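Asks: predicted model and sequence follow; I will ask about them next.
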Amino acid sequence: MSLGIRGRFVVGFDGVEHRIIRDGVIVVEGNRIKHVGKGYDDKVDRWIDAPTGLVMPGLINTHIHAATAPKDKGFIDDTGARHFYMSSLGENLTALGQAMRGPDYEVFSKFSIAECLKSGNTTIVEIGMMHNLGAEKTVEIIDQLGIRATESPNVADGVWDRGQGADLRTKWIGLEAGLKKLDEAEKFVKTYTGACGGRLMPAIYGDTVDKCSAELQKAIRAKANELKVPVTIHAGQWVVEFNNMIRMYRRTPIEFLSDTGLLGPDLIVGHGWAIAGHPLVSYPPVDGGDLAILAKSGATVSHDPLVFAKRGNKMHSHTAYLKAGVNVSIGTDTVPQDLLNEMRIASYTSKLADWDCHSGASRDIFNSATLGGAKGLGRKDLGRLAPGALADIAIVDMETFNGVPYRDPIKNLINSSQRADVKWVIVDGEVVVEEGKLTTINERKLLKDVQKAGEDIWARIPEHHYLKQTADEVSPLAFRLWEEK
Ligand SMILES: [Zn+2]
């Protein structure tokens, strides 16, 4: 089966960088791209015409929690724990998470993945579905929705333990527990490599830098080298973690990852903003600091700006990391799972951090969401439209209220396009979004199921909050209700 796409603009990859082809053509044969250029003379089985469309590589999202994120909507907004430097980790999110039940994870996973696809995001590094749904159901959902995804159970030998007041520390549960999880991850890799027609990419996930001991991090490194799969871990994600690492080891989270050897070209660091030199941690960098360590290691930092912007915080900065030589990708973390929105915020938070319009430039942000993510996953056949690359493609209509007038489609995409402008999405040669609608699931039923799950979860919060607070007490409504006295 061959598929041809004619677009007003095609983002072609010339072997070194993305280039804009005006009135370009892409031809797909099976699940790979066969041709990229100005024209095509041979026949194809099917043509998609996008005379006002931007045809671009499917975007790569290097950090998302699909199974749990929708519960955060309207809940973590304008809310956070002051004593945790505005983070909701370890407190409100814990209560919310404990209020979830089995079927909620399934409906939320489907919804999050559907959101990704509708924003032109074709590959995800998904963290949490395995933990909450188990391997079989996780693979079944990825197979059904048609996305490309890495998955792994979370590997850890520590848990966050709440002591007196806001004293959140690591409680070690024993290396054996961590190694058991690592065995589970290895089994998943061996059982499911090649599943979903190759769209499933089993990986190894360390949970967080402060929940994985040095011994466990070394074991994860050895196993990743043996199995040759991507690795990810949360590190530099909040002030509490940064301070705990200094307190426990006298090392920053990044220094510690470097000491254990886990830091390497195959590691994606989830968030990675809390580093030496960041204003919120006020810890001086030495000899280029964490940025120099990250750059030398070849590791990737997943910049996931929205959730931190909501807490009044930002990475310092997307462009500063790139200038230091760090590979930076982009992830959505939580709702909305809208990579176009996340790219815009990545651009603006970089400009805000640097007080500079040149920072977070559209070109750099687009590269991070495509080539940067592909590099983090060790894949030269993703994040680009070139002969031989996998056929993961998104088409964004430019003749919309967001798109016109268009001269530079990439600048318009970063600064103005929205998810509703994404008309076609193709993953592995299969059309999964057609004329703006998902082909793999009933959208209307999905929305109803998600609303019901959200209402049920919020109602259960007082059972799980450490102060027995209700949803409206934890996260007050923006305006008082009419019937209130
Ligand atoms: Zn995360």
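Replies: Thanks, I have it. Numbering: from 1, shown residues only.
Asks: now do the buried residues in the helix or strand residue 446 falls within.
Replies: Taking DSSP states H and E as the definition, one finds residue 446 inside helix 443-459. Within helix 443-459, the residues scored as buried using 16 or more other Cβ atoms under 10 Å are 449, 450, 453, 454, 457, 458. C-betas here are computed from N, CA, C, even on glycine.
Asks: contacts only, for the third one.
Replies: So the one you mean is residue 453. 70, 71, 103, 104, 107, 108 (Cβ atoms under 8 Å, 6 or more residues apart in numbering).
Asks: give me the neighbour count for the third one.
Replies: Going back to what we said before, that points to residue 103. Using other Cβ atoms under 10 Å, residue 103 is surrounded by 12 other residues.
Asks: for residue 110, see how far away it is.
Replies: 11 Å (Cβ to Cβ, to the nearest Å).
Asks: repeat that for residue 15.
Replies: Separation of residue 15 from residue 110 (Cβ to Cβ): 37 Å.
Asks: more neighbours: the two, which one.
Replies: residue 110 (21 against 7).
Asks: any idea how far the more buried one is from residue 405?
Replies: Taking Cβ to Cβ, one finds residue 110 at 37 Å from residue 405.
Asks: same question, residue 10
Replies: 19 Å.
Asks: who has more neighbours out of these two?
Replies: Between residue 10 and residue 405, residue 10 has the larger neighbour count (other Cβ under 10 Å), namely 27 against 7.
Asks: residue 431: what secondary structure?
Replies: strand (DSSP: H, G, I helix; E, B strand; the rest coil).
Asks: which residues does the closest residue to it other than its chain neighbours contact?
Replies: Residue nearest to residue 431 in three dimensions, not counting chain neighbours: residue 439, with 6.0 Å by Cβ to Cβ, 6 or more residues apart in numbering. Shown in contact with residue 439 (Cβ under 8 Å, 6+ apart): 146, 431, 432, 433.
Asks: what of residue 436?
Replies: By Cβ under 8 Å, 6+ apart, the neighbours of residue 436 are 118, 420, 422, 423.
Asks: in strands only, show me the residues you listed.
Replies: Among those, the ones falling in strands (DSSP state E) are 422, 423.
Asks: ok, of the contacts of residue 436, which come out buried?
Replies: Here, 16+ other Cβ under 10 Å leaves 118, 422, 423 buried among the contacts of residue 436.
Asks: now, the most widely separated pair of the buried residues of helix 443-459?
Replies: Using Cβ to Cβ, the buried residues of helix 443-459 reach their maximum pairwise distance at 449 and 458, which is 15.4 Å.
Asks: just to revisit the earlier point, just put the buried residues of helix 443-459 in JSON lines and tack on distance to residue 464 and pLDDT.
Replies: As requested, the buried residues of helix 443-459 are arranged in JSON lines below (distance: Cβ to Cβ, whole Å; pLDDT from 0 to 100):
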{"residue": "449", "distance to residue 464": "22", "pLDDT": "97"}
{"residue": "450", "distance to residue 464": "20", "pLDDT": "97"}
{"residue": "453", "distance to residue 464": "16", "pLDDT": "95"}
{"residue": "454", "distance to residue 464": "15", "pLDDT": "92"}
{"residue": "457", "distance to residue 464": "10", "pLDDT": "91"}
{"residue": "458", "distance to residue 464": "11", "pLDDT": "89"}
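Asks: any idea which of the contacts of residue 453 is least confident?
Replies: pLDDT is lowest at residue 71 among the contacts of residue 453; the value there is 89.
Asks: that one touches residue 96, doesn't it?
Replies: Yes - counting by Cβ atoms under 8 Å, residue 71 does reach residue 96; the two are 5.2 Å apart.
Asks: which residues do these two both contact?
Replies: With Cβ under 8 Å, 6+ apart as the test, residue 71 and residue 96 both reach residue 457.
Asks: strands of the stretch 351-485 of the chain, start to end?
Replies: For the stretch 351-485 of the chain, the strands defined by DSSP state E, counting those that start in this stretch cover 393-397, 422-427, 430-434, 437-438.
Asks: now render the contacts of residue 453 as a markdown table, adding distance to residue 40.
Replies: Shown next, in a markdown table, are these (distance: Cβ to Cβ, whole Å):
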| residue | distance to residue 40 |
| --- | --- |
| 70 | 41 |
| 71 | 47 |
| 103 | 47 |
| 104 | 47 |
| 107 | 42 |
| 108 | 41 |
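Asks: which of these fall within strands?
Replies: Among the contacts of residue 453, none falls in strands (DSSP E).
Asks: return the member of these nearest to residue 400.
Replies: Nearest member of the contacts of residue 453 to residue 400, counting by Cβ to Cβ, is residue 70, at 26.2 Å.
Asks: low-scoring stretches of this protein, by residue?
Replies: Within the chain, the stretches with pLDDT under 70 are 89-93.
Asks: can you give the domain ranges for it?
Replies: Following automatic domain parsing, the chain resolves into domains at 2-57+393-427, 59-376.
Asks: most tightly packed of the ones you listed?
Replies: domain 59-376 (a mean of 21; mean count of other Cβ atoms under 10 Å).
Asks: centre of the chain to it, how far?
Replies: 7 Å (Cα atoms, centre = their mean, to the nearest Å).
Asks: could you pull out the helices for the stretch 201-350 of the chain?
Replies: 214-227, 239-249, 253-260, 289-297, 305-309, 318-323, 339-354 (DSSP state H, counting those that start in this stretch).
Asks: out of these, which gets nearest to residue 173?
Replies: Closest to residue 173 of the helices of the stretch 201-350 of the chain, according to Cβ to Cβ: helix 214-227, at 10.8 Å.
Asks: which outside residues touch that closest one?
Replies: With Cβ under 8 Å, 6+ apart, helix 214-227 has contacts from 155-157, 175, 178-179, 182, 185-186, 189, 204, 206, 212, 230-231, 233, 256-257, 259-262, 264, 266.
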